[in-house]
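Visitor: pasting a predicted model and its sequence here:
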Amino acid sequence: MSNTAEAGRYSLAGFIFQLLGNGVEIIELSSEFDDPNSPRDVLLLERYGQDSATVDSYGQLKVLNQYKFTSTGRSTSRASLLDILEKMLVSANEAGGSVDECGFTLTTNMTWEHAVQELWDIRLNNELTHHQKAQAIVKKLRASKQTGDLPNAELLAKIFIKLDYDPTNESNLTQKLEREAARFGVLPQELETRVNELLGLLLQTSGRSGRREVSAVDCFKALTGIPSPYRLLDTSSRLVREKNINERRELETRGASTMPRSVVADIVNAVCQFPIVLLTGKGGLGKSVALFDAAAAITEDNVNPPGFCIVEHAYEITESRLIEKIAAWRNQRLTEDGSSLDRSLARLSVAYPKTPRLAVCIDGADERNGLDALPANASNFIQALALRSLNERLDGDWDTTLLVTCRENDDWEDIFNHKHCTEGETKHTFDIETFTPMEMAELAATIIDPGVRELIENRIQFDVGGESSVLAENRISANSTHLKLLYRPVLWGIFTELPLEKQRLFLTGGEGSLQLMSEHYFNRFRLKCNRRIPATLRRYDLLIILVSAARSSQEPPLTPRKYRDHWITPATDSGCSLQTAVALFNEACSAGLIRQRSVSRDWIWEYPWFLEYLQEREEI
């Protein structure tokens, strides 16, 4: 090989080294790229006599960058270092910046000669003050000057003390870019293409005439293939997940009690240990609230597993929805993963190596007469996702964990029996119940009015017993039956919204107090239906399915009905469309107004006092 060809090969290697270094520089300086309030840095190639310069969005110089490459193992002498420092000083002056305000980087695969290492040892000596370091370095630099004086020795020493020195090689620079790409969910098989895309952008920019400018936005687009990507663990991506949770919470649990319950922390811990966590219990006990509280806690803390969390209602969840949500976390409008959930989950794994990585929170899995009553695609996907999670946990490579609210766990037993699993290995169940007396006492303490607070506290004190129960018996206290209703989170939420005088009326069991609670409960339920049922189905202002079902039979009002049609037919006979009747019946099941008993499988009213209220209504 000729000397010219050899020099050309070395020159090309040095140029690639410089391109890689520039790519690393602009990306590392934009570590908060996904923060909409952070400035947008710009890289100027071959500027101010340096290989590149970084300026902020206002054109202010931030950093001067120089890259030194050798293919022969050459080291940096003190004279070479002095030349580098002098050129950096000239560049800073040319850019109109000051040594104090500007940063300086030297990226090289060269080693220090002994004389340069002496300077570095002075800089790293923690026993010296900053002034002593500067004086010692000035002395060494002046000794390096072979001819003439060194009038700017103090400024050169200041640059050396500030110098960001990165001893590296081409492989290390490439790995830095690949690690950064992984934070955005770029897969290993995509890395070579994406890094080459970034180098191509820098190469194209360096070949232009005039101002050779490349922005962080352009660099990240090249590195990820997404115009304005989000790092999966950074602020903007987390805000997308929080928005999803809050929107679902608003839809499903508006007005419910949001008091933090001690069980939430236990739920979060269980999600990290079991592939399936079930929250069981009757309607209105706060299963959904507990699920959303747990989801919010998981999302807020993405250091501890699982790193990611998604919340969906059981009748809406599909594989494509999960894929779309993960793409949205990257700020990707059109996912490139097609219908491959495996590929989407792999993006989470490269950004977050801990397991489990994703908590899939599913609300209301069996509230409409079991999994089979869900849309086929939702039911099939939930069961497939459960089996996937079990397989992953048993095999050791654990991506997903399920957190599910349901009335009973009968449907899930078939899944576990299929896998021959025991509960201790694969699932944990929390029976969500009414508030405990201690929780109710904590809630009472939040009530501003002392009279209402005392009514509740005295009744709790008497019901719980103990030394003070005799004293409490002689005090005015809340009606025991009415207070027990408030142990249900959904009814406590309604109670807290009542005017003060109506709170007192309800607690003391005054005339019409149950009708008062029923009316507010009815209005709350109607608003929930208006949010969840398409407007095209809401033909009636009143929920005719409830009213007509309550009146339809000559049998005693609490007689169970074996089939769902026994509830729906009276509504359709009264003029309600079948589609509307089914939708409203499903919402009644979801809210816990109508419940299917586990053994007999017949349907009953959960709240007799609410049924009586419906039967007394005159409107149809």
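Guide: Here it is on my side, so go on.

Visitor: phi, psi for residue 431 please.
Guide: Reported as degrees, to the nearest 10, the phi and psi values for residue 431 are phi -90, psi 100.

Visitor: report the beta-bridge partner residues of it.
Guide: Beta-bridge pairing of residue 431 under DSSP bridges involves residue 280.

Visitor: burial of it, as a residue count?
Guide: 13 (other CB atoms under 10 Å). To be clear about C-beta, it is placed using only N, CA and C from the backbone, and glycine gets the same treatment.

Visitor: and the nearest residue to residue 331 once chain neighbours are set aside, how far from residue 224?
Guide: Spatial nearest neighbour of residue 331, excluding adjacent residues (CB to CB, 6 or more residues apart in numbering): residue 230 at 4.4 Å. In this view, residue 230 and residue 224 are 9 Å apart by CB to CB, to the nearest Å.

Visitor: got it, and residue 98?
Guide: For residue 98 relative to residue 224 (CB to CB), the value is 35 Å.

Visitor: which of those two has more residues huddled nearby?
Guide: Legend: neighbour count by other CB under 10 Å for residue 98 and residue 224, higher for residue 224 (25 against 11).

Visitor: model confidence for that one, exactly?
Guide: pLDDT, residue 224: 94.

Visitor: what do you get for residue 229?
Guide: Reading off the confidence values, residue 229 has pLDDT 91.

Visitor: count of neighbours near it?
Guide: Counted by other CB under 10 Å, the residues lying close to residue 229 total 24.

Visitor: list the contacts for it?
Guide: Neighbouring residues of residue 229 by CB atoms under 8 Å, 6 or more residues apart in numbering: 34, 184, 220-221, 330-332.

Visitor: that one belongs to a strand?
Guide: No. Read with DSSP: H, G, I helix; E, B strand; the rest coil, residue 229 is coil and lies in no strand.

Visitor: could I get the full set of helices for the stretch 401-550 of the chain?
Guide: Remark: helices assigned in the stretch 401-550 of the chain by DSSP state H, counting those that start in this stretch are 410-419, 423-426, 437-445, 450-464, 469-473, 480-485, 489-496, 500-507, 513-532, 544-551.

Visitor: pLDDT weak spots in the stretch 351-500 of the chain?
Guide: Across the stretch 351-500 of the chain, the ranges flagged by pLDDT under 70 are 367-373, 409-411, 413-425, 465-475.

Visitor: now do the strand or helix carrying residue 15, average pLDDT.
Guide: Here residue 15 sits within helix 3-29, counting by DSSP states H and E. Helix 3-29 shows a mean pLDDT of 72.

Visitor: check which helices and strands the helix or strand following that helix sits against.
Guide: Counting by DSSP H and E, the next helix or strand C-terminal to helix 3-29 is strand 42-47. Applying 3 or more CB pairs under 8 Å, 6 or more residues apart in numbering; DSSP states H and E, we find strand 42-47 packed against helix 3-29, strand 50-55, helix 188-206, strand 213-215, helix 216-224.

Visitor: chain center to the shortest one: distance?
Guide: When you say that, I think you mean strand 213-215. 31 Å (CA atoms, centre = their mean, to the nearest Å).

Visitor: how far away is residue 455 from residue 519?
Guide: 21 Å.

Visitor: hmm, I was thinking of residue 499
Guide: 13 Å.

Visitor: ok, those two, which is more surrounded?
Guide: More crowded of residue 499 and residue 519, by other CB under 10 Å: residue 519, with 15 against 8.

Visitor: quick one: residue 251 and residue 532 touch, right?
Guide: Yes. Using CB atoms under 8 Å, residue 251 is in contact with residue 532, at 6.7 Å.

Visitor: need the contact list for residue 607.
Guide: 521, 593.

Visitor: just the pLDDT for it.
Guide: With respect to pLDDT, residue 607 has a value of 82.

Visitor: what angle sits between the helix or strand hosting residue 239 and helix 489-496?
Guide: Using DSSP H and E, the element containing residue 239 is helix 235-253. For helix 235-253 against helix 489-496, the angle by axes from the mean of the first three to the mean of the last three CA atoms, to 10 degrees is 80 degrees.

Visitor: now the helix or strand following helix 235-253 - C-alpha only, PDB.
Guide: Next along the chain after helix 235-253, taking DSSP H and E as the criterion, comes helix 263-271. Provided in PDB are the C-alpha atoms of helix 263-271 (Å, rounded to 0.1, in the frame of the first residue of the first chain):
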ATOM      1  CA  VAL A 263     -53.600  -1.900  50.800                       C
ATOM      2  CA  VAL A 264     -52.300   0.100  47.900                       C
ATOM      3  CA  ALA A 265     -48.700  -0.300  49.000                       C
ATOM      4  CA  ASP A 266     -49.200  -4.000  49.400                       C
ATOM      5  CA  ILE A 267     -50.700  -4.200  45.900                       C
ATOM      6  CA  VAL A 268     -47.700  -2.400  44.400                       C
ATOM      7  CA  ASN A 269     -45.300  -4.800  46.100                       C
ATOM      8  CA  ALA A 270     -47.300  -7.800  44.900                       C
ATOM      9  CA  VAL A 271     -47.200  -6.600  41.300                       C
END
